[in-house]
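**Student:** A structural model of the following input is requested.
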Amino acid sequence: MTPYEEIASLFSSSGSAEYLGESIMLVEHMLQCAQLAMEAEAGDELIVAALLHDIGHLLVDDPLGAQNSDTDAHHDEVGANWVDRRFPESVSEPVRLHVAAKRYLVATDEGYMAKLSPASVQTLNLQGGAFDEAQCRAFIALPGAQGAVQVRLWDDRAKEVGKPTPELAFFKPMIEFLAFPH
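**Tutor:** Numbering: from 1, shown residues only. Presented below is the predicted three-dimensional model:
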C-alpha cells in the first residue's frame, strides 16, 4: 500500500468520525487545516503536515476513552512516528510538535488561551499545560518548531462545521511527491 492509500484508508475508517469533544468530524478538521495552509500559501511540506497533524488520533486505541479517563494518548508522537516512516522530517516534525506548539503559544501569547475551544483547553491540561520560560526556549529552537506553531494556529481555526474543503484526493499529487518511495 502506498502512503496515500494508507492515508485514504485511515481517513475512511470508522475511527475518523469523532473528534474528541469538538463539534466537527476529525477528517473534516484535518482537511480544513490543510486548506488553511494552502490559503496561507505554505509550502507543500507544511500543507501535508497540516493535513496529517492529527493522524495519530486515527492510530491510537480508543482516543476518546483515553481523554475521558484523563489520559493523554500522545497522538502527536504516535502520528509523527507514523508520518516519519513515510515522509521527510519537514512533514513529520510539525506533526510531532503541534501539541508542544499549543503549550508554547499559551505561554507566549496573552490572548491565545481565550481562542482555544473547551476541548483544546481540556487536552492542554492533559498534555502538561503551558510551558515555562526554559521550555519555551528549548521548544522554539527545535527543527520544525516554527512550522508546528503555524500548524497549531491553523488547527485552532479548522473547526467550522460544514465548511467546504477539497477532498483528500486533491492532495494526492502532493502526498505522492513528498512520500518516500516504497
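
**Student:** next, count neighbours for residue 173.
**Tutor:** Counted by other Cβ atoms under 10 Å, the residues lying close to residue 173 total 11. The way it works is simple: take the backbone N, C-alpha and C, and place the C-beta from them, glycine included.

**Student:** next one: residue 11
**Tutor:** Close neighbours of residue 11, defined as other Cβ under 10 Å, add up to 18.

**Student:** so how far is residue 127 from it?
**Tutor:** As judged by Cβ to Cβ, to the nearest Å, residue 11 and residue 127 stand 24 Å apart.

**Student:** from the contact counts, what lies against the host helix or strand of residue 98?
**Tutor:** In the assignment (DSSP states H and E), residue 98 maps to helix 89-108. With contacts defined as 3 or more Cβ pairs under 8 Å, 6 or more residues apart in numbering; DSSP states H and E, helix 89-108 has these neighbours: helix 44-52, helix 75-84, helix 112-115, helix 118-126, helix 133-140, helix 145-157.

**Student:** repeat that for 10 Å
**Tutor:** The contact analysis (3 or more Cβ pairs under 10 Å, 6 or more residues apart in numbering; DSSP states H and E) places helix 89-108 against helix 44-52, helix 56-59, helix 75-84, helix 112-115, helix 118-126, helix 133-140, helix 145-157, helix 172-178.

**Student:** quick one: average pLDDT of the first one?
**Tutor:** Averaging pLDDT along helix 44-52 yields 98.

**Student:** and it with helix 75-84, angle?
**Tutor:** Comparing the axes of helix 44-52 and helix 75-84 via axes from the mean of the first three to the mean of the last three Cα atoms, to 10 degrees yields an angle of 130 degrees.

**Student:** alpha carbons of helix 44-52, as CSV, please.
**Tutor:** Coordinates of each C-alpha in helix 44-52 appear next as CSV, following Å, rounded to 0.1, in the frame of the first residue of the first chain:
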residue,chain,number,x,y,z
ASP,A,44,3.8,21.5,0.2
GLU,A,45,5.6,20.0,3.3
LEU,A,46,3.7,22.2,5.7
ILE,A,47,0.4,21.7,3.8
VAL,A,48,0.8,17.9,4.2
ALA,A,49,1.8,18.3,7.8
ALA,A,50,-1.3,20.3,8.4
LEU,A,51,-3.3,17.6,6.7
LEU,A,52,-1.8,14.9,8.8
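
**Student:** please name every helix or strand in contact with that helix.
**Tutor:** If contacts are counted by 3+ Cβ pairs under 10 Å, 6+ apart, helix 44-52 sits against helix 3-12, helix 26-39, helix 75-84, helix 89-108, helix 145-157, helix 172-178.
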